[in-house]
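**Student:** dropping the sequence and predicted coords here.
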Amino acid sequence: MRRFVAIPLAVVAFAARSVNSFPQVRKLAPEALQQRRDAIYLASAAASSSSNHHISSSSIQRRGANVESTSLVPEQRPSASSVDHKIPEPESTPKEHVIASQTSVDEKLLRSQVKREQRAQVRSSLVSFLVFAAGIADVLSFKVFGFYASMMTGNTIRLCNAIVESRYRDAFFSTFAIAGYTLGSAIYHWLNQAETALMTAAKEEKRVDYRSKYKAFSIVAFSIFVAGDALVLLLRLPGKWLGPFLSVGFGFVNSLCSVETAVVNFAITGHIHKVGLGIVDSIRGKARDPTDPVEAKRIKDLRNSFKAIAVFFSAVLGAATLWQKSPHAVISFLTSTDSPPPLGLFFGIFYGSFFAWCASEFFRIRTSDSISPRKAVDWTI
């Protein structure tokens, strides 16, 4: 009986060790996964048959010992009543039960792997969207307000130059933009910690509820951007002062992307740096073993950098082309100093709608309990 208990425990331990050793999910060929499943089933069947043979031989030995004891000591021969109430021999567990148990464990592992890969696909879409939105935001903020509302490096340089040249009004403007961006980043960090604390204190299973997190992100992002428009109108500020208020929202969404996806979406300098390192490694013929976690992470980061550069370049090029081809009336409306354009409402709907879509996708993935056989053989660790 110990072997029948040890077989499922060994399978669970092997699965846990595989998940810890290879945290990244990758797509394998269906044939490779089917061979792995067949090998597991054959091993389970062989262990079951050997266990049945062990139990049968031990039963035969016990019966032989009973025969010898009755022949040597006649007075200890069991009576008829004891024979009628004889305790039956322990029956061996059919190997179909062992295979069914193994199949259940394997299907649960595959289901968790499919959900993990689906969540990774949603995060990949999140990275692409935020990088694309950052490119559009940089073009619009530079054309409308004369500075980049989502990148603070240029604002820091403008601040220092304004202080040296005694342009204190411009220095205050840059300081206000940097402070707004910092406030947006702090709002995200506070909200993320609050959501994590609520999730941990809940009585449900202790795992991140991505649906509630991204629903909160959607509401907060929309509120921050729309609040910028409202404050500028209420305070009757010039149109260019909408830029620092928008920096609060960009600080929020950029911090979200950096923490949730570990990818910087608003600057490509670091991505170009990674691409240069990858080119040198390729020329020198550095080994690329996908089973090595360190090497697999390096390859994944390099692919993300290529992707970020391509998406950011496409967004900036497309937004600049649209601005160049736009009618003069549209450009005059966006650059008007009397009434600020409703860019806060535009970005609020833009980001809020996408975060709401992410929340619905995470909820769909979490509530889907069944997977099709085609998906079951397509994804593994």
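**Tutor:** In hand now; what should we look at? Remember, it's a predicted structure, so these values are computed and weren't measured experimentally. Numbers count the residues shown, from 1 in each chain.
**Student:** list the buried residues for the host helix or strand of Thr196?
**Tutor:** For Thr196, the enclosing helix or strand under DSSP states H and E is helix 168-201. When neighbours are counted by 16 or more other C-beta atoms under 10 Å, the buried residues of helix 168-201 are found to be 170-171, 173-178, 180-181, 184-185, 187-188, 191-192, 195, 199. Where C-beta positions appear, they are placed from N, C-alpha and C, glycine not excepted.
**Student:** which residues does Tyr351 contact?
**Tutor:** In this structure, Tyr351 makes contact with Ala133, Ser218, Ala221, Phe222, Phe225, Gly249, Val253, judged by C-beta atoms under 8 Å, 6 or more residues apart in numbering.
**Student:** I'd like those as CSV, with secondary structure, neighbour count and distance to Glu260 appended.
**Tutor:** Converted to CSV, the contacts of Tyr351 look like this (DSSP: H, G, I helix; E, B strand; the rest coil; neighbours: other C-beta atoms under 10 Å; distance: C-beta to C-beta, whole Å):
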residue, secondary structure, neighbour count, distance to Glu260
Ala133, helix, 23, 15
Ser218, helix, 20, 13
Ala221, helix, 28, 13
Phe222, helix, 22, 18
Phe225, helix, 27, 19
Gly249, helix, 29, 16
Val253, helix, 30, 10
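**Student:** returning to that earlier point: for the helix holding Thr196, packing partners?
**Tutor:** Taking 3 or more C-beta pairs under 8 Å, 6 or more residues apart in numbering; DSSP states H and E as contact, the helices and strands that helix 168-201 lies on are helix 152-164, helix 210-235, helix 242-261.
**Student:** with mean pLDDT and distance to Ser332 added, can I get the ones you listed in JSON lines?
**Tutor:** Putting those into JSON lines (pLDDT from 0 to 100; distance: least, C-beta to C-beta, whole Å) gives the following:
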{"stretch": "helix 152-164", "mean pLDDT": "91", "distance to Ser332": "25"}
{"stretch": "helix 210-235", "mean pLDDT": "90", "distance to Ser332": "18"}
{"stretch": "helix 242-261", "mean pLDDT": "92", "distance to Ser332": "16"}
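**Student:** need the winner for burial among those.
**Tutor:** Most buried of these by mean neighbour count (mean count of other C-beta atoms under 10 Å) is helix 242-261; its value is a mean of 24.
**Student:** quick one: that helix to helix 152-164, angle?
**Tutor:** Comparing the axes of helix 242-261 and helix 152-164 via axes from the mean of the first three to the mean of the last three C-alpha atoms, to 10 degrees yields an angle of 140 degrees.
**Student:** between the helices and strands packed on helix 168-201, which one is closest to Phe313.
**Tutor:** Minimum separation from Phe313 across these (C-beta to C-beta) falls at helix 242-261, 17.5 Å.
**Student:** CA atoms only for the closest one, dumped as PDB, please.
**Tutor:** Presented in PDB, the C-alpha positions along helix 242-261 are these (Å, rounded to 0.1, in the frame of the first residue of the first chain):
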ATOM      1  CA  LEU A 242      -2.600  71.200 -18.200                       C
ATOM      2  CA  GLY A 243       0.700  69.400 -19.000                       C
ATOM      3  CA  PRO A 244       1.900  69.200 -15.400                       C
ATOM      4  CA  PHE A 245      -1.500  67.900 -14.300                       C
ATOM      5  CA  LEU A 246      -1.300  65.200 -17.000                       C
ATOM      6  CA  SER A 247       2.100  64.200 -15.600                       C
ATOM      7  CA  VAL A 248       0.400  62.900 -12.600                       C
ATOM      8  CA  GLY A 249      -1.500  60.400 -14.700                       C
ATOM      9  CA  PHE A 250       1.600  59.500 -16.700                       C
ATOM     10  CA  GLY A 251       3.500  58.900 -13.500                       C
ATOM     11  CA  PHE A 252       0.700  56.500 -12.500                       C
ATOM     12  CA  VAL A 253       0.600  54.400 -15.700                       C
ATOM     13  CA  ASN A 254       4.400  54.300 -16.200                       C
ATOM     14  CA  SER A 255       4.900  53.100 -12.600                       C
ATOM     15  CA  LEU A 256       2.200  50.500 -13.300                       C
ATOM     16  CA  CYS A 257       4.000  49.200 -16.400                       C
ATOM     17  CA  SER A 258       7.400  49.100 -14.700                       C
ATOM     18  CA  VAL A 259       6.100  47.100 -11.700                       C
ATOM     19  CA  GLU A 260       3.500  44.800 -13.200                       C
ATOM     20  CA  THR A 261       5.500  43.900 -16.400                       C
END
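**Student:** what element comes up after it heading to the C-terminus?
**Tutor:** Per DSSP H and E, helix 242-261 leads on to helix 269-283 as the next helix or strand towards the C-terminus.
**Student:** pLDDT at Trp379, what is it?
**Tutor:** The score at Trp379 is 37. That number is its pLDDT.
**Student:** host element of Ala320?
**Tutor:** Using DSSP H and E, the element containing Ala320 is helix 293-325.
**Student:** can I assume Ile268 is in contact with Phe312?
**Tutor:** Yes. In terms of C-beta atoms under 8 Å, Ile268 counts as a neighbour of Phe312; the distance is 5.3 Å.
**Student:** JSON lines please, covering the helices and strands packed on helix 168-201 and showing distance to Leu302.
**Tutor:** JSON lines is the format used below for the helices and strands packed on helix 168-201 (distance: least, C-beta to C-beta, whole Å):
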{"stretch": "helix 152-164", "distance to Leu302": "24"}
{"stretch": "helix 210-235", "distance to Leu302": "26"}
{"stretch": "helix 242-261", "distance to Leu302": "15"}
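**Student:** out of the ones you listed, nearest to Lys325?
**Tutor:** Counting by C-beta to C-beta, Lys325 lies closest to helix 242-261 out of these; the figure is 23.6 Å.
**Student:** quick check: angle from that closest one to helix 293-325?
**Tutor:** Computed by the same axes, to 10 degrees, the angle between helix 242-261 and helix 293-325 is 150 degrees.
**Student:** and helix 242-261, what does it pack onto?
**Tutor:** Judged by 3+ C-beta pairs under 8 Å, 6+ apart, helix 242-261 is in contact with helix 95-145, helix 168-201, helix 210-235, helix 343-367.
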